[in-house]
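**Student:** what shape does this take:
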Amino acid sequence: MSNEILNYLLKEYNQKKLNAEIDLEKRKENLYKLIPRLEEIDTELHSFAINTAKNILKNSHCSIQNFEEKIKILKKEKDKLLVENNYDLDYLKPFYECILCNDTGFITDVSFNTSMCSCLKQKLLDISINKSNMYNLKNQNFANFNELLFSDEVDFAKYKFNISPRRNMLNIKNNCIKFINNFDNPDYKNLLFVGSTGLR
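**Tutor:** Numbering: from 1, shown residues only. Next comes the predicted model:
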């Protein structure tokens, strides 16, 4: 997968994240007009967060505990206001498409190791499949294999086989299924498809 495609997708992710955050600001603005106390609580929470950070730098543990208690009380009041006004508790959070990575494409674990999110991996896989002309896998698979499309007539002069085209295709199908079922087995042989240009 080229860096160009990955960069394009990451720009798309940045835009999605930005759109979710712009949407949140609009929702906040409207909700603050309907329930002014919510804006007051958010302002107080922001102020407490700054003061808590300052006290951590000063190593003032007593003040930190006091701030944390006040923050809990304010958050409880905020949740109560949302429920009383028939809003979901997540209404004042961004509505990201992917809740795992918050539309960044990457996840950071507790050890601060970053890995690609499954949603971004899926997008890269989809692009690869489309480039490989395998985008119609829902229809083009063994479950839809129709052996009746092939002749049951043996014609050695034409096909250079003592079996019919249908029997030959069924043998090929069975070998493909065996290959799939033994894909992780290093002792199992690979498959090689050959033919004239344009065959598929």
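**Student:** host element of Glu44?
**Tutor:** When elements are assigned from DSSP states H and E, Glu44 belongs to helix 36-58.
**Student:** in that helix, which residues are buried?
**Tutor:** Leu38, Ile41, Glu44, Phe48, Asn51, Thr52, Asn55 (16 or more other CB atoms under 10 Å). For the C-beta atoms, the positions are set from N, CA and C on the backbone; glycine is no exception.
**Student:** over to stretch 77-84?
**Tutor:** Lys78, Leu82.
**Student:** can you give me the strands in the chain?
**Tutor:** Counting by DSSP state E, the chain has strands at residues 106-108, 114-116.
**Student:** show me what the helix holding Glu44 packs onto, helices and strands only.
**Tutor:** Contact here means 3 or more CB pairs under 8 Å, 6 or more residues apart in numbering; DSSP states H and E; on that basis helix 36-58 packs against helix 3-34, helix 61-84.
**Student:** helices and strands around the shortest one, which ones?
**Tutor:** Using 3+ CB pairs under 8 Å, 6+ apart as the contact criterion, the neighbours of helix 61-84 among helices and strands are helix 36-58.
**Student:** what's in contact with the helix it packs on?
**Tutor:** Contact with helix 36-58 is made by 28, 31-32, 63-64, 67-68, 70-71, 74-75, 77-78, 81-82, 92, as judged by CB atoms under 8 Å, 6 or more residues apart in numbering.
**Student:** likewise stretch 154-167?
**Tutor:** Identification of contacts with stretch 154-167 by CB under 8 Å, 6+ apart yields Glu147, Leu148, Phe150, Ser151, Asp152, Glu153, Asn168, Asn171.
**Student:** distance of the residue of the chain most remote from its centre from Ile35?
**Tutor:** Residue farthest from the centre of the chain, counting by CA atoms, centre = their mean, is Ala157 at 53.4 Å. Ala157 sits at a distance of 86 Å from Ile35 (criterion: CB to CB, to the nearest Å).
**Student:** with Asp184 instead?
**Tutor:** 57 Å.
**Student:** show me the shaky parts of the protein.
**Tutor:** Along the chain, segments meeting pLDDT under 70 span 1-2, 59-64, 132-137, 197-200.
**Student:** so what's the residue positioned nearest the centre of the chain up against?
**Tutor:** Centroid check for the chain by CA atoms, centre = their mean gives Cys119 as the closest residue, at 1.7 Å. Residues in contact with Cys119, defined by CB under 8 Å, 6+ apart, are Glu97, Cys98, Leu100, Cys101, Gly105.
**Student:** got it, and Tyr87?
**Tutor:** Leu31.
**Student:** look up phi and psi at it.
**Tutor:** phi -110, psi 150 (degrees, to the nearest 10).
**Student:** and if you look at Gly195?
**Tutor:** As for Gly195, its main-chain torsions (degrees, to the nearest 10) stand at phi 170, psi 170.
**Student:** count of neighbours near it?
**Tutor:** Taking other CB atoms under 10 Å as the criterion, the count of residues near Gly195 is 7.
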